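Visitor: Here you go, sequence then predicted model.
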Amino acid sequence: MSSANDTPIWTIDGIPYLSFSSKAVWNAVRISNPVKCWAPLVWHKATIPKHALTSWLFILNRNPTLDRLSTWGFDIDLDCLLCGLAQESRNHLFFECDFSAEVWRLITQKLRLSSPPFLWDQILLWLPTASASKHQKLALLQGWQGAIFELWRERNRRFHEGLSLSPVTIATLIISTLNNKCNAMLQLGLKRGISLLQCWAN
């Protein structure tokens with residue numbers, strides 16, 4: 001009979017571990033799906049979490065736009081709260097709507113990008129190839145997410161509070177927020193903060 005102490009050994013997928021690893025267990029039991037082609041558009045190195053979350057939900061078309069509320073049985077007016085010229089849907093809000101299109105135009109002009117697309121599916125295809133500069137491309141993703149977040153916020157402001165801002169004011173707010181993000185990156189010692197700040201400070 002051995003007098004040595006027993007030593008527990010965790011085995012996950014045939015690989016022994018000297019200590020328990022919750023990460024290894026989670027990766028072993030979860031359903032692993034392929035990375036979505038749009039994932040780099042949402043989760044990138046300069047993202048603002050609340051912007052990324054809102055963009056992600058809109059990519060999945062999970063936010064309660066008026067067209068979706070209607071399918072849930074709500075008896076509501078479907079007119080876009082931003083322009084009043086068409087029914088509100090994700091694709092209309094970003095950026096077929098005249099109001100939101102002006103915000104998108106101001107953001108892309110700030111980055112010196114001409115002729116941006118205004119249709120949702122075309123934008124998703126355009127974003128990865130819009131610029132040869134990796135910093136300008138990253139700034140564009142910031143601007144795209146910022147526009148989605150602030151336009152949805154503006155829509156909700158009109159829906160719940162009856163208040164409204166102009167496209168210029170919203171674009172200015174987006175750019176100010178992104179400047180703050182870049183300055184925060186600089187304070188953390190992240191070199192890309194300098195290049196991104198140059199994109200937004202011009």
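Guide: That came through, no problem.

Visitor: From here on, just use CA atoms for contacts and neighbour counts.
Guide: Fine.

Visitor: Okay, helices next: where are they in the chain?
Guide: 22-29, 39-42, 49-59, 66-71, 90-91, 98-110, 120-126, 134-161, 167-187, 192-201 (DSSP state H).

Visitor: So which of the ones you listed is nearest residue 8?
Guide: Evaluated over those, closeness to residue 8 peaks at helix 22-29, with 15.6 Å, by Cα to Cα.

Visitor: Dump the closest one to CSV, keeping only the CA atoms.
Guide: Extracted in CSV, the C-alpha atoms of helix 22-29 (Å, rounded to 0.1, in the frame of the first residue of the first chain):
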residue,chain,number,x,y,z
SER,A,22,-12.9,26.7,-16.0
LYS,A,23,-11.9,28.1,-19.4
ALA,A,24,-10.8,24.6,-20.6
VAL,A,25,-14.0,23.1,-19.3
TRP,A,26,-16.2,25.8,-20.9
ASN,A,27,-14.4,25.4,-24.3
ALA,A,28,-14.9,21.6,-24.0
VAL,A,29,-18.7,21.7,-23.3
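
Visitor: So which bits of it are buried?
Guide: Applying a neighbour-count criterion of 16 or more other Cα atoms under 10 Å, helix 22-29 contains no buried positions.

Visitor: what packs against it?
Guide: In this structure, helix 22-29 packs against strand 10-12, with contacts taken as 3 or more Cα pairs under 8 Å, 6 or more residues apart in numbering; DSSP states H and E.

Visitor: so what strands line up beside the strand it packs on?
Guide: According to DSSP bridges, strand 10-12 forms sheet pairs with strand 15-17 (antiparallel).

Visitor: For the strand it pairs with, what is the distance to the chain centroid?
Guide: On the basis of Cα atoms, centre = their mean, to the nearest Å, strand 15-17 sits 38 Å off its chain's mean C-alpha point.

Visitor: coming back round to it: pipe the helices of the chain into TSV and attach distance to residue 80 and mean pLDDT per row.
Guide: Shown next, in TSV, are the helices of the chain (distance: least, Cα to Cα, whole Å; pLDDT from 0 to 100):
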stretch	distance to residue 80	mean pLDDT
helix 22-29	43	84
helix 39-42	25	96
helix 49-59	16	98
helix 66-71	8	95
helix 90-91	10	98
helix 98-110	10	98
helix 120-126	16	97
helix 134-161	9	97
helix 167-187	15	97
helix 192-201	30	93
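
Visitor: Out of the ones you listed, the one nearest residue 83 is which?
Guide: Nearest of those (Cα to Cα): helix 98-110, 5.8 Å.

Visitor: which helices and strands does the closest one pack with?
Guide: helix 134-161, helix 167-187.

Visitor: Give me the angle between the longest one and helix 167-187.
Guide: Using axes from the mean of the first three to the mean of the last three Cα atoms, to 10 degrees, the direction of helix 134-161 lies 130 degrees away from that of helix 167-187.
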